[in-house]
Structures are given as C-alpha cells and as structure tokens.
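Engineer: fold the following for me, if possible:
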Amino acid sequence: MIALVQQYFSVSAARFPDKAAVCCEDESLSFRYVDDFSNAFARALQAAGAQRGQLVPFFMKKSPRSMLSILSILKADCAYVPVDAKSPAQRLTSILQAAEARVVVVDDESQALFEQLIPEGGRPVLLNISQFQPVDTAPIVARNLSIDIAYVLFTSGSTGVPKGVMIPHKAIIDYIDWCVDTYALTSDDVVSQHAPLYFDNSTFDIYCAFKTGATLHLVHDELNAVLPRLVKWLSEREITTFFCVPSVLTLLLRSRRLKPDSFPKLRHVLAAGEVLPRDILAEWMAIYPYIQFTNMYGPTEITVDCTYHIIHEQPGKDLLSIPIGKARNNMELFVRLPSGDLSQAIGAEGELLVRGTSVAYGYLGDAERTAKAFIQNPNNRFFHDPLYCTGDLVRIDEHADFLFLGRADDQIKFLGYRIELGEVEASLVGIDGVHEGVVVFKHGANGEEDELGALVSLNEGLDLSALRTALQARLPGYMVPTRFKVVATDFPRTPNGKYDRKQTLAMVFGL
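Structural biologist: Okay, the predicted model is just below:
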C-alpha cells in the first residue's frame, strides 16, 4: 500500500529499472539511476542538516535535476518547495523566511544567482546537486506518514506576501490514484511535463508518470518560451498525455501548425487553470476527433483539481461555456448562496466550497488567512471537516454539472451596476470570430471615469463595430466594454501560462 508519494517511483523502478524515467532535451535518466541517486542525495541532505518534517526549497530551472531534487527531499522525510529561478530577491527572501529553510538545493547554473540574490550572512546551506557523486545508494527507510506534508507551493498573495499552500502525501495520493484510474494511464504512456514546477498542474504530470512507470518528458524553459515549437516536440516525443492551461491550446491553434497528423500518439488532452474557450475546443476536436479532451478545475488549495468534465461531443454554438463538471472521487462540492446556506440543488448559484481528502492544510505560518479560507463544515459538528472557500462563482446546471462564472473578487461596480468580469468574458469569447478575449476594469483616479476594457484577437471578417453589435445582443449595454484593443500577437501571460491581467490592463488602457 502506497502511503508516501516517493514510493510510487520506487515501485516503478523495481518494475522497469532500465526504462527511461525522466527526459529533457538530450538528457535521459533511467528509473534505476534516478532511484539510486535520490537515495544517496537524500542522505546528503540529512548530513547537511535537513531534518524530518523540514521544508527544503530547490532553486533551479526545470531539468532532470529538478526531479532528482524532488525525490531526494521526499526520501529525506522532508517537504519540497519549488522556487522559480527567476524570482527577485524580495520574493526569494520571503519564501526562505516563511519556509524557515536551513538547506536549499541548487545546481551549477543557479548557485551563483542564488548567492548574488541572498547575502552571505543570512544564507542557508546550499547543496549543489550538480556536484554530487552518489555513493551509498541503498534505500532509505521512510519515517514520514501519509498525513505529513509533501510539498508547499507559494502562490501570489493579495498583500504582496506569497502564500505557502501545504499539501500532504495523502492528498496527492488521493488525486493521483483517481487520475490514473479515470484516464486509464499505464506504463505504455508518455507524459509531458509542461507546467512550471511551482505551479500545481505539475503534480499531475510528475506523479501519474511515477505511479505508472510512464516516461516523463520535461518541457524545458527554452521550448516553453517559443510555444509553436511545442507542436513538433509533442510529435517527436510521441507524447500520449498532455496537460496544460487552456491558453496554450489557443496559442498552438493560432500558430497554424496544427495538422491532422501532428499528434499520432496523443490520446489525452487535459486543460485546467483557466476558462476553456468553447470555439478553441471545438476546433481542436474537429482536427483530432480521436483525442479525449477533459476540462478540469481546481485551485492549488485542493491539490490540483476537484472537478472534471470529459467532453464526448464537439461543442455547438448553443453551448455558452464548457462546464467544469462534477466532483471527482472523494471530493464534494457545495454552492454557498448569498444567504450563507450551502446548496447542491440544480440552479444554485454562488461561491464554490470544496471538502474532501485533498483539501490543503492551509497557509504556511498564516493562521489568519487559513481561518478565512478554510472553514469548518457547518453541517458537521462532530469532527474536523474543513471546507475550502474558493472565491470562485459557479452555477449548477440542469445536468448537475458545475459552470464557472468568474471570481467573486472580479465583481466590479460600473455605472452603478455590479458586474462579473467572467460573465462579460464568457460572452465575448462565445462570439463567432473572436479568437481570444480578456476583460479588464480600470478604476478611474483623479476625477477620471471608470472604464471597462477588453483585449481581443479577431478572425478576418469581424471588425469592432460588428463585435460591439454582437455583444450588445448578448449583454446589457452597461456590461459592454467601452474600450477595445485588437492585437494579432500573443496575449501577455504569467510564467504559469495564464493570462497576465495586469499587463493586459496596461495594454488596453495605455498605462
């Protein structure tokens, strides 16, 4: 019985010792090598001062050394903290302080950068994995339990201080076992690892491959910077399972490189992290009718995804949005109504709350934020039963599927009306001829008027006049953006691949 996530890998290493476990560019590491190396490096971590239950950041670009770092930290009975190698000094310092880091794993490329960012006096012990030569590769007896933390991912905080989300082993196992069963993943699969390692979507890729004995191919940073090249890469690597944010699907479609024979081995495309545009999905399904497409949803705080919706038919124009679907196994969803009551009734609309094994423990060292976001289930007074308050607005449709409506904190007041930006955006991207669209709000300062704006990419044949007319047919006049910015280039995105709304705001309004 698997109790700790690193055991996934050790079991697969015993089954497939000589098979490629992790590949990146021209580098390929076998299951045996990765298992042996991580056993030895785990001992080096302990010798350097990493003690059971401590948080150990690793600071480096995505590479096979990242995977070695993750497994080694776990085998040392510690929890790993992926840190973006492009982090500015202030954010890096905040993460190190919050994690109370005593040891940090670096490589040849990142060590000098780390030392430049963090002064010597306040620097934790740096352990360079590139310089390590394994000696004692015997397995380490684990002392951790499934309730212990496996990783902490730091997300952006509204106060400017990163929030560290604590995820235990049992939460990952609950999620991964379900994923492997639901998508019938096996050792014959070839899994891409597209998301940054500090983004929770990476959890799916890494541990589905580790559990099944599938080969994991890392999408390295240079390839990710020129996404159209990903089409050829997915084909050459014979990827069978591809998980990404929806805007990546939009970018690949816009590259005009998609051909019916582009992905002969691809059988699963899973999207999560953003709204999946109906028309983009329809075009992908028209080109690749043999691929199974799934829309998934979930914040970092519930271990990647709590809902899923397998799309069996190409969506028609009458479908306003792709559902985020129903709860996955061992998770339960509620709608918190404006009255404060929890509902699971058809037609219920309000904030989505989630309970289940995969709900996080809360925010590292931040009891106040944790108490606000993780509340006791009001329907249960007998034991600790946290509900995570997502801040996302949903509605339950007539099929009992959940529909994503937008963020509660994206609700604005414009011209005296309360408006959900997500609703405007859904209507915008649902118009024929709109390739992409992001809606933003500029609050007027110094006497200036508030403005609702949109960054759009339009197909030939649709101009702004026609776009406004189409929006006016779908929305009340006060919800139609007052300013549009049409671009033919890629939309600004965060390192996670999501739309960068701050940059979008600047582009639309010339800030």
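Engineer: who does S28 form a beta bridge with?
Structural biologist: C23 (DSSP bridges).
Engineer: what pLDDT does it get?
Structural biologist: On pLDDT, S28 comes in at 98.
Engineer: what is the burial count for it?
Structural biologist: Neighbours of S28 under the rule other CB atoms under 10 Å: 14. Bear in mind the C-beta positions are built from the backbone N, C-alpha and C, glycine included.
Engineer: okay, now the unreliable bits of this structure?
Structural biologist: The model of the chain has pLDDT under 70 over residues 156-161, 411, 413, 415-418, 444-448.
Engineer: give the contact list for Q90.
Structural biologist: With contacts taken as CB atoms under 8 Å, 6 or more residues apart in numbering, Q90 has no neighbouring residues.
Engineer: assumed it was part of a strand.
Structural biologist: No: Q90 is assigned helix when assessed by DSSP: H, G, I helix; E, B strand; the rest coil, not a strand.
Engineer: distance check, it against L117.
Structural biologist: In this view, Q90 and L117 are 9 Å apart by CB to CB, to the nearest Å.
Engineer: send the alpha carbons of stretch 72-92 over as CSV?
Structural biologist: Written as CSV, here are the backbone C-alpha positions of stretch 72-92 (Å, rounded to 0.1, in the frame of the first residue of the first chain):
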residue,chain,number,x,y,z
SER,A,72,15.7,13.2,-2.7
ILE,A,73,13.9,15.7,-0.5
LEU,A,74,10.9,13.4,-0.1
LYS,A,75,13.2,10.5,0.7
ALA,A,76,14.9,12.6,3.4
ASP,A,77,11.5,12.8,5.1
CYS,A,78,11.2,16.5,4.2
ALA,A,79,8.8,18.5,2.1
TYR,A,80,9.9,20.2,-1.1
VAL,A,81,9.4,23.8,-2.1
PRO,A,82,9.9,24.6,-5.8
VAL,A,83,11.2,28.1,-6.2
ASP,A,84,11.2,29.9,-9.6
ALA,A,85,14.9,30.5,-10.6
LYS,A,86,13.7,33.9,-11.9
SER,A,87,12.4,35.1,-8.5
PRO,A,88,13.5,38.5,-7.5
ALA,A,89,15.5,38.8,-4.2
GLN,A,90,12.5,40.1,-2.2
ARG,A,91,10.2,37.2,-3.2
LEU,A,92,13.0,34.6,-2.7
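Engineer: next, the buried residues of it.
Structural biologist: Residues of stretch 72-92 classed as buried: 72-85, 87, 91-92 (neighbour count, 16 or more other CB atoms under 10 Å).
Engineer: again, but for stretch 150-169
Structural biologist: Neighbour counts using 16+ other CB under 10 Å place 150-155, 161-169 of stretch 150-169 among the buried residues.
Engineer: likewise stretch 253-264?
Structural biologist: Going by neighbour count (16+ other CB under 10 Å), the buried part of stretch 253-264 is 253-254, 258, 263.
Engineer: try stretch 361-375
Structural biologist: For stretch 361-375, by 16+ other CB under 10 Å, it's 361-364, 366, 369-370, 373-374.
Engineer: ok, of those residues, which one's closest to G350?
Structural biologist: Of all the buried residues of stretch 361-375, A373 has the smallest distance to G350: 16.1 Å, by CB to CB.
Engineer: quick one: that closest one and G362 touch, right?
Structural biologist: Yes: the criterion here is CB atoms under 8 Å, and A373 meets it with G362 at 7.4 Å.
Engineer: who's in contact with the nearest residue to R493 once chain neighbours are set aside?
Structural biologist: For R493, ignoring the flanking residues on the chain, the nearest one in space by CB to CB, 6 or more residues apart in numbering is D500 at 5.4 Å. D500 makes contacts with 491-494, as judged by CB under 8 Å, 6+ apart.
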